[in-house]
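**Q** the following block contains a protein sequence and its predicted model.
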Amino acid sequence: MLKLEARPQPSRLMALCSPLIALAVTVLLGVGLFMLLGKEPVRGLQMFFWEPIRSAYAWSELGLKATPLILIALGLALCFRSNVWNIGAEGQFIIGALAGGWVAMQADASSSRMIVLAILLAGVLGGMAWAAITAALRARFNANEILVSLMLVYVADLLLNYLVYGPWKDPQGFNFPQSISFLAVTKIPRLFDGSRLHIGVLIAAASVLGLWLFMFRSYAGFALQVGGMAPAAARYAGFSSQRALWTALLISGGLAGLAGALEVAGPLGQLTPYVPAGFGFAAIIVAFVGRLHPVGIVFSGILMSMFYIGGELAQSRLGLPKSITGVFQGLLLFTLLASDTLIHYRLRWVRPAAGQQA
Amino acid sequence: MESIALLIAAAMSAGTLLALAALGLLINERAGVVNLGAEGMMLVAAVAGYATAFHTGSDTLAFAAGMAAGALLAGLFGLLVIWLNTNQYAAGLALSLFGAGFSAFVGLGYTQEKLSPRLSHQIPVLADIPFIGPAFFKHHPLVYGTIALTLGLAWFLYRSRSGLILRAVGESPESAHALGYPVRRLRLAAVMAGGALCGLAGAYVSVIYTPLWVEGMIAGKGWIALALTTFATWRPARVLLGAYLFGFVTMLQFYLQGQGMQIASQFLSMLPYLATITVLVLISSNANFIRANMPASLGKPFFPGS
């Protein structure tokens, strides 16, 4: 029978291979799913792995979707490395969008382009404030951050609904639940003509570098991760777990809020009940698939946005439900966690010897 | 007066689905495993139950389908965390995310349909008592079944030998292993039993409680159930009481709206989530209270040495 045997050291080879194994298994399961639904598997795989990268325009759309995913996942990676289980990035994203959207709605004919900076700053502060509730309740009352941050997602969602159905509803909007369309002056600058890609992608790139420096080249980042891996050692070294909690949650909340502001002042251009697109939850998968490493997150963020775009294409061209994106994302995380076992254990074929004690 | 009786009845009905899921989670947490996938299991079970009820017309089969779906997903989770030693938090989250996508995917064909509302079952004589009758004696059998389950589970945990073994597996898997109990198999069994109960809760939502299927219809109830096991400090009777209390808070919004409260509905809808946070804060601030009954090896993997 097959038996797991602990490796003396984690395998570096497997650490690199495991995401590839997971992707391969997910693709295989996907092929099976397409066949089950009576769709041609090759056409299906094309939607997910070829269409999103076949042209420069496709690449720009890919970057547009990857930007919020990468920004949020960076913060979550820092949290998870510090053993802070922030699951509420979706809520922090929504509040960031609300705060940024509120600033955008204040624009008038006299506003300068500098208002874009104010919008982004408001997004960051909004996300931080929302994450700070979780941090405060955990720090002061020891309330479980998984449950608190998650409950706050539903609260944020209802708050958005209240605003777009109520006080922020566009009076000229034919009674649709949506805010006014933001003025052109509030739009985040685009990188090229003819594509929707905006400077958010540069901000994401800078954040990747910044977070890499913080995690691996700064004392504070080191202290944070020690606290996550070995709380007793961290206490002995005098690293404050409270400070780690606050730092991780404020950075991740700020990044999620920034992503929210970029979305509303970028591709969306107004507030609607559809602002929350599940990026906050998908980013959890991005963070894990990217091995909680900033560079890995870039790759997994791009992969995950391929799933998003592939899902939309599969909907419009193959008549498949859009939720197939979620199925693939979940499958990928599942198979990744399973194949990660091979980093710490190896499989051994053991012949069950007669009379051997189990 | 009439409306208060209806509020109590609705609170019991809403509490039942929370209690079923929370009792399931209690079983697997007593065995030392935390499953954050409750929300996903309930969603998939809700679709499975709805589809079964829709095609067969049998509620019993629908419940069985929901339980099977929950147990199957929990089994998958169990294999990951018990045999492959995967991080329980990460694997549970994966299950929740997968369940949300998968249920939406499978349930797409059923969003336009609606089951006929299930008639309430009246207990003869008792149901005719004014106020008491409509409040307590006009429920689906599962509401009473959940009360029985709570008592049975309490007896099992504290008065039976198997319950003692289950608790030992959650408290000190090393000792249980040394005594010759198959720790990992027992944990898997507990996780699957928990999944089956979460599945029953999910099917109850889509077949009896609403009865329809909408994407994401569990709306955080799986997470609230998870919080409930903690509030209740892993005691079955407290789980049931807590669930009714939460059912009451959930239903209060409709009652207040009916009374013409001048508050936007969204704020009233926030109540259950805010209540969860509030109770969590109140309970967690007393560390001794939480730790008194917490299984000592909760969330810790167990890998028998060779």
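**A** That came in fine, so what should we check first?
**Q** low-confidence stretches in the chain?
**A** The chain I'm using is chain A. Confidence mapping of chain A against pLDDT under 70 gives the ranges A:1, A:352-358.
**Q** sorry, should have said chain B
**A** B:119, B:305-306.
**Q** kindly recompute the last result at 80.
**A** Counting by pLDDT under 80, the ranges of chain B that qualify are B:1-2, B:113, B:117-121, B:260-261, B:287-293, B:303-306.
**Q** now it against chain A: closest residue?
**A** B:Gly101 (2.1 Å; CB to the nearest CB). Bear in mind the C-beta positions are built from the backbone N, C-alpha and C, glycine included.
**Q** show me what contacts the closest residue to chain B within the stretch 151-300 of chain A?
**A** Distances between the stretch 151-300 of chain A and chain B by CB to the nearest CB are smallest at A:Tyr162, namely 3.8 Å. Shown in contact with A:Tyr162 (CB atoms under 8 Å, 6 or more residues apart in numbering or on different chains): B:Ala264, B:Gln266, B:Phe267.
**Q** need the next SSE after the helix or strand containing the last one, C-terminal direction.
**A** In other words, B:Phe267. Per DSSP states H and E: B:Phe267 is located in helix B:265-269. The C-terminal neighbour of helix B:265-269 among helices and strands, as given by DSSP H and E, is helix B:271-284.
**Q** following element in sequence after that next one, please.
**A** Moving toward the C-terminus from helix B:271-284, the next element (DSSP H and E) is helix B:287-293.
**Q** against which helices or strands is that following helix packed?
**A** Judged by 3 or more CB pairs under 8 Å, 6 or more residues apart in numbering or on different chains; DSSP states H and E, helix B:287-293 is in contact with helix B:271-284.
**Q** and the contacts of the helix it packs on?
**A** A:137, A:141-144, A:147-148, A:151-152, A:154-155, B:220, B:223-224, B:227, B:230-231, B:233, B:242, B:246, B:249-250, B:252-253, B:289-290.
**Q** and that helix, what's buried?
**A** B:Leu271, B:Pro272, B:Tyr273, B:Ala275, B:Thr276, B:Ile277, B:Val279, B:Leu280, B:Val281, B:Ile283, B:Ser284 (16 or more other CB atoms under 10 Å in any protein chain shown).
**Q** look up the closest residue to residue 285, ignoring the ones flanking it.
**A** Looking at chain A here, since you left the chain open. Distances taken as CB to CB, 6 or more residues apart in numbering or on different chains place A:Leu333 nearest to A:Ile285, at 4.6 Å, with adjacent residues excluded.
**Q** ah, no, chain B please
**A** Residue nearest to B:Ser285 in three dimensions, not counting chain neighbours: A:Phe141, with 4.2 Å by CB to CB, 6+ apart.
**Q** with B:Ser96 instead?
**A** B:Gly40 (4.0 Å).
**Q** report the secondary structure element holding the one you found.
**A** With DSSP H and E as the test, B:Gly40 turns up in helix B:38-56.
**Q** do the same with A:Leu29
**A** In this assignment (DSSP H and E), A:Leu29 forms part of helix A:12-36.
**Q** quick one: the next helix or strand along the chain from that helix to chain centroid distance?
**A** Heading C-terminal from helix A:12-36, the first helix or strand you meet, by DSSP H and E, is helix A:41-49. How far helix A:41-49 lies from its chain's middle: 24 Å, per CA atoms, centre = their mean, to the nearest Å.
**Q** again with stretch A:286-296
**A** 10 Å.
**Q** over to stretch A:256-276?
**A** Distance, stretch centre to chain centre, for stretch A:256-276: 14 Å (CA atoms, centre = their mean).
**Q** and it, what's buried?
**A** Using 16+ other CB under 10 Å as the test for burial, stretch A:256-276 gives A:256-271, A:275-276.
**Q** among these, name the ones in helices.
**A** A:Ala256, A:Gly257, A:Leu258, A:Ala259, A:Gly260, A:Ala261, A:Leu262, A:Glu263 (DSSP state H).
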